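> sequence first, predicted coordinates after that:
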Amino acid sequence: NAGVTQTPKFQVLKTGQSMTLQCAQDMNHEYMSWYRQDPGMGLRLIHYSVGAGITDQGEVPNGYNVSRSTTEDFPLRLLSAAPSQTSVYFCASSFGREAYEQYFGPGTRLTVT
Amino acid sequence: AQSVAQPEDQVNVAEGNPLTVKCTYSVSGNPYLFWYVQYPNRGLQFLLKYITGDNLVKGSYGFEAEFNKSQTSFHLKKPSALVSDSALYFCAVRPSANQAGTALIFGKGTTLSVSS
């Protein structure tokens, strides 16, 4: 099993550009989530999904969209990048429909200039 | 508001000494509690969890944590620290809500530095 994979590992965007961060898991987990990690702020939940076709907002959803068309994939879209979105983004998944013992991807480091 | 606090930004210990990383929480009901570790430039790795039962739970790499309901704490401990334990540690809590999708709430993290 590859676990949770994320692409790209690094990305630099200009203000106003859009892009999609990819996340995939091969563990047949129903629960998937996106976090951003900023120094001194821990991890903050952006969006999550409890199964294909079901998504919901977390603590900091503004400026981000998600969709869940399959169990495996949970892409995060930045609609119009802003410097405040410079962060490290982590995707995580867990068994069942709960935020239980989560498995994290390696992260995407995004810089918006 | 539901929250998790890690009162120490950094904990410094000498190799071979016991270590404690503190965590307190404020959530409704009986929470599920977790500890994760993050090594530089890596994602978080699960260490251990408390759901119910014995207040002392054991996890990976010789770590353990003690759930104290009266003090609403879940401190991470290890009897003898190793230099390789140096990392960023996160406490997380999930309220034991019945609905699906209840998210984890993470603390801000504590950097553990073990010196040789």
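That came in fine, so what should we check first? Numbers count the residues shown, from 1 in each chain, chains lettered A, B, ... in the order given.
> tell me the contacts of the spatially closest residue to A:Lys14 that is not a sequence neighbour?
Nearest non-adjacent residue to A:Lys14, counting by Cβ to Cβ, 6 or more residues apart in numbering or on different chains: A:Thr113, 5.8 Å away. For every residue, glycine as well, the C-beta is placed using N, CA and C. Contacts for A:Thr113 were tallied using Cβ atoms under 8 Å, 6 or more residues apart in numbering or on different chains; they are A:12-15, A:83.
> 10 Å instead?
Contact analysis of A:Thr113 by Cβ atoms under 10 Å, 6 or more residues apart in numbering or on different chains lists A:12-15, A:17, A:81, A:83, A:86.
> contact partners for the residue nearest the centre of chain A?
Ranked by distance to the mean C-alpha position of chain A (Cα atoms, centre = their mean), the top residue is A:Trp34 at 3.0 Å. Neighbour list for A:Trp34: A:6, A:21, A:23, A:44-49, A:55, A:58, A:60-61, A:64, A:66, A:74-76, A:89-92, A:105 [criterion: Cβ under 10 Å, 6+ apart].
> just for the chain, where's the confidence low?
You didn't pick a chain, so chain A it is. Applying pLDDT under 70 to chain A picks out residues A:97-99.
> ah, no, chain B please
Scanning chain B with the threshold set as pLDDT under 70 gives B:96-102.
> which residues of it fall in strands?
Shown for chain B, the strands assigned by DSSP state E span residues B:3-5, B:10-14, B:19-21, B:24-26, B:32-38, B:44-50, B:56-58, B:64-68, B:73-78, B:87-94, B:105-106, B:110-115.
> dump those strands to JSON lines, plus mean neighbour count and distance to A:Gly96.
Shown next, in JSON lines, are the strands of chain B (neighbours: other Cβ atoms under 10 Å in any protein chain shown; distance: least, Cβ to Cβ, whole Å):
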{"stretch": "strand B:3-5", "mean neighbour count": "16", "distance to A:Gly96": "22"}
{"stretch": "strand B:10-14", "mean neighbour count": "14", "distance to A:Gly96": "33"}
{"stretch": "strand B:19-21", "mean neighbour count": "20", "distance to A:Gly96": "28"}
{"stretch": "strand B:24-26", "mean neighbour count": "17", "distance to A:Gly96": "22"}
{"stretch": "strand B:32-38", "mean neighbour count": "24", "distance to A:Gly96": "13"}
{"stretch": "strand B:44-50", "mean neighbour count": "20", "distance to A:Gly96": "14"}
{"stretch": "strand B:56-58", "mean neighbour count": "13", "distance to A:Gly96": "20"}
{"stretch": "strand B:64-68", "mean neighbour count": "18", "distance to A:Gly96": "22"}
{"stretch": "strand B:73-78", "mean neighbour count": "20", "distance to A:Gly96": "22"}
{"stretch": "strand B:87-94", "mean neighbour count": "23", "distance to A:Gly96": "12"}
{"stretch": "strand B:105-106", "mean neighbour count": "23", "distance to A:Gly96": "19"}
{"stretch": "strand B:110-115", "mean neighbour count": "17", "distance to A:Gly96": "29"}
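> the biggest strand by length in chain A vs strand B:32-38, what angle?
The strand that spans the most residues within chain A, counting by DSSP E, is strand A:42-51. Put simply, strand A:42-51 runs at 120 degrees to strand B:32-38, going by axes from the mean of the first three to the mean of the last three Cα atoms, to 10 degrees.
> and the helix or strand just after strand A:42-51, is it in reach of chain B?
Using DSSP states H and E, the helix or strand that follows strand A:42-51 towards the C-terminus is strand A:54-57. Yes: residues of strand A:54-57 contacting chain B under Cβ under 10 Å from any Cβ of the partner chain: A:54-56.
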